[in-house]
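Student: Fold the stuff below for me.
(chains A and B)
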Amino acid sequence: ELKVEQNPLFLSMQEGKNYTIYCNYSTTSDRLYWYRQDPGKSLESLFVLLSNGAVKQEGRLMASLDTKARLSTLHITAAVHDLSATYFCAGPALNNAGNMLTFGGGTRLMVKP
Amino acid sequence: DGGITQSPKYLFRKEGQNVTLSCEQNLNHDAMYWYRQDPGQGLRLIYYSQIVNDFQKGDIAEGYSVSREKKESFPLTVTSAQKNPTAFYLCASKPWGNTEAFFGQGTRLTVV
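Tutor: Model prediction:
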């Protein structure tokens, strides 16, 4: 069974600063997903990482995957208030018959002016 | 437009009642899922279905039931056996393979 842990669980940062959210998972997985959730809203897909060493960037967010270390990171560059949201990583375990996703607990990001 | 539609957006349940949450998708996805989210928490899997007329329990299936009579539809019934049903319920669908899951807008269920 795949277990996914994120840290930090809560992050308060100033606009313009950089920070990284970490996502560790417990068993071998060759892909990892990042989602964003605004308060009271559904989940929006941000990144799909499909191989070791994969790196994807969209605006001020950059995600990477290290399958050997079982670690994915979401790096925030020069944060702005609009990035305030909860970020989830999720992964499927290999041989997962349901092809389903197991989610981390989420990182609640608050960017202050 | 293709997407996943959940209804209602808000639902109130009296003690001892069964209620059904609707989830419809027109993305032609084979797999569908129901997740529960409690305040400040991550998502926990209730049930999932890979094909029509087949579904499997997730991590927290007790007190819930589902059906998958059509590819497009995967309704979730919250039964009176679910003692703490107040939560945000999210339905998702996914094509087979290495793509992400797509989520509906969610149903917020409150016990009154």
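
Student: Now residue A:71: closest residue in space that isn't a chain neighbour?
Tutor: residue A:24 (5.6 Å; Cβ to Cβ, 6 or more residues apart in numbering or on different chains). C-beta coordinates here come from the backbone N, C-alpha and C atoms, glycine included.

Student: Next up, the contacts around that neighbour.
Tutor: When contacts are counted by Cβ atoms under 8 Å, 6 or more residues apart in numbering or on different chains, residue A:24 is found next to A:4-7, A:70-71.

Student: Out of these, which end up buried?
Tutor: Buried members of the contacts of residue A:24, counted by 16 or more other Cβ atoms under 10 Å in any protein chain shown: A:4, A:6, A:70.

Student: who's in contact with the first one?
Tutor: In other words, residue A:4. Here residue A:4 is in contact with A:23-26, A:89-91, A:102-104 (criterion: Cβ under 8 Å, 6+ apart).

Student: out of those, which one sits closest to residue B:22?
Tutor: Nearest to residue B:22 out of the contacts of residue A:4 is residue A:103 (Cβ to Cβ; 22.7 Å).

Student: I'd assumed residue B:37 was in contact with the closest one.
Tutor: No: applying Cβ atoms under 8 Å, one finds residue A:103 not in contact with residue B:37, separated by 9.0 Å.

Student: which residues are common contacts for the two?
Tutor: Joint contacts of residue A:103 and residue B:37 (Cβ under 8 Å, 6+ apart) are B:43-44.

Student: can you count the residues close to residue B:72?
Tutor: Applying other Cβ atoms under 10 Å in any protein chain shown, we find 18 other residues in the vicinity of residue B:72.

Student: who does the least confident helix or strand in chain A by mean pLDDT pair up with?
Tutor: Every helix and strand of chain A was ranked by mean pLDDT, DSSP states H and E. The lowest is strand A:102-103, at a mean of 90. Each strand paired with strand A:102-103, and its direction, by DSSP bridges: strand A:85-91 (antiparallel).

Student: Need the residues that contact the strand it pairs with.
Tutor: Against strand A:85-91 from outside (Cβ under 8 Å, 6+ apart): A:2, A:4, A:6, A:21, A:23, A:25, A:29, A:31-39, A:43, A:46, A:72, A:74, A:101-104, A:106-109, B:42-43, B:101.

Student: Give me the buried entries from the residues you listed.
Tutor: Counted by 16+ other Cβ under 10 Å, the contacts of strand A:85-91 give A:2, A:4, A:6, A:21, A:23, A:25, A:29, A:31-37, A:43, A:46, A:72, A:74, A:101-104, A:106-109, B:42-43, B:101 as buried.

Student: so of these, which ones are in strands?
Tutor: Residues of the buried ones among the contacts of strand A:85-91 located in strands (DSSP state E): A:4, A:6, A:21, A:23, A:25, A:32-37, A:43, A:46, A:72, A:74, A:102-103, A:107-109, B:43.

Student: Check residue B:1 and give its pLDDT.
Tutor: Reported pLDDT at residue B:1 in the predicted model: 62.

Student: Could you tell me which residues of chain A lie near chain B?
Tutor: Listed as neighbours of chain B in chain A under the rule Cβ under 8 Å from any Cβ of the partner chain: A:31, A:33, A:35, A:40-45, A:48, A:50, A:88, A:90, A:97-106, A:108.

Student: Cool, thanks, signing off.
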